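> Provide a 3D model corresponding to the input given below.
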Amino acid sequence: MDPLLIRTFGFVNRDPLHSTPGTRINDFMLNVFLEGKGYYKNHKINCEITAGSVALFFPDDPGVLYSDKQDPYSHYYCRFNGSFAREFSERLVESWGKQIVISEKIADLVLILKKMKPEFRQNIGQNMRLQDGHLMQMLLLLLDPSNNDKPNRHISFIQYIESRISQNIDIEEMAGSFYMSVRHLNRIFKDKFKMSVHQYHEKSRIELSKTLLKNTDLSVQEISLRVGYQDALYFSRMFKKNCQFSPLFWRKNEFKNV
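The predicted structure follows:
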């Protein structure tokens, strides 16, 4: 038998009544969750699954996976077998310490998943194909501890926010853009930046307004609009809250380090 052979591959899109065995026959099941939430239960596990999760289910105790009715998940699934299927799966779970994890590699996985086509193959004795190669690529990506790419991920967060300085941040939309839950996104910001997403957005607005005050002759009213505040008085209050001085006083005295 070839190293990895896909039995079924597909996508479940926000079906509030979706439920399925974790896997079937002697196959393993890889799941990548993009939105919403659901639940998984077997003899050892009883947990909620959220956006940004990757799950690996074993044929020994397949359990059941089902969606939340109010906020159903969307997820890719890949049921597979092969001579290396168990070895890959056991190594992954050993490195994770559990079968379901929040992964930093969701965006990279989605790039691979979008190359794949729906699959239903009854005879897994066929030769390994391009589709199976994509599965191997995903498993190797998940196994590679050097490929977390956290610095680039943080830069992407900053770029996302700074490109929307003049807009209000929709945190659910932002989390969806990075294939993770709102809770996970907020946790990353708290750990990395010691503030929430909205606090970081406000800080970025104030920093840009300081640059504009220092280097241009734009009025406070116009600067207020450029950094996303429609009310100049409210902008002045927020500026003073963060910098201890009003915008005009800050500009006049060139408080470069406040």
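> Which of the helices or strands spans the residue nearest to residue 47 when sequence neighbours are not counted?
Nearest non-adjacent residue to residue 47, counting by Cβ to Cβ, 6 or more residues apart in numbering: residue 40, 6.0 Å away. Placement of C-beta: from N, CA and C, glycine included. According to DSSP states H and E, residue 40 maps onto strand 37-41.
> just residue 160 next, same as before
Judged by DSSP H and E, residue 160 forms part of helix 150-162.
> Quick one: name whatever helix or strand follows that helix.
Using DSSP H and E, the helix or strand that follows helix 150-162 in sequence is helix 171-177.
> buried residues in that following helix?
171, 174, 175, 176 (16 or more other Cβ atoms under 10 Å).
> now for that helix, which elements pack on it?
helix 150-162, helix 182-193, helix 197-215 (3 or more Cβ pairs under 8 Å, 6 or more residues apart in numbering; DSSP states H and E).
> Residues contacting it, please?
Under the criterion Cβ atoms under 8 Å, 6 or more residues apart in numbering, residues 34, 35, 51, 160, 161, 181, 182, 184, 185, 186, 197, 198 lie in contact with helix 171-177.
> which strands and helices sit next to the strand holding residue 40?
When contacts are defined as 3+ Cβ pairs under 8 Å, 6+ apart, strand 37-41 sits against strand 46-50, strand 64-67.
> and if we set it to 10 Å?
Where contact means 3 or more Cβ pairs under 10 Å, 6 or more residues apart in numbering; DSSP states H and E, strand 37-41 is packed against strand 46-50, strand 53-57, strand 64-67.
> pLDDT averaged over the second one - what is it?
The predicted model gives strand 53-57 an average pLDDT of 96.
> rewinding a little: out of the helices and strands packed on strand 37-41, which is closest to residue 26?
Evaluated over these, closeness to residue 26 peaks at strand 53-57, with 12.3 Å, by Cβ to Cβ.
> Sheet partners, orientation included, of the closest one?
According to DSSP bridges, strand 53-57 forms sheet pairs with strand 28-35 (antiparallel), strand 100-102 (antiparallel).
> possible to save those strands as TSV with mean pLDDT and distance to residue 17?
Formatted as TSV, these follow (pLDDT from 0 to 100; distance: least, Cβ to Cβ, whole Å):
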stretch	mean pLDDT	distance to residue 17
strand 28-35	96	16
strand 100-102	94	22
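> So which of those is the most surrounded?
Each of those was scored by mean neighbour count; the highest is strand 28-35, a mean of 24, by mean count of other Cβ atoms under 10 Å.
> Low-confidence ranges, the stretch 151-258 of the chain, go.
For the stretch 151-258 of the chain, the stretches with pLDDT under 70 are 151-153, 254-258.
> let's see it at 50
Residue ranges of the stretch 151-258 of the chain with pLDDT under 50: 256, 258.
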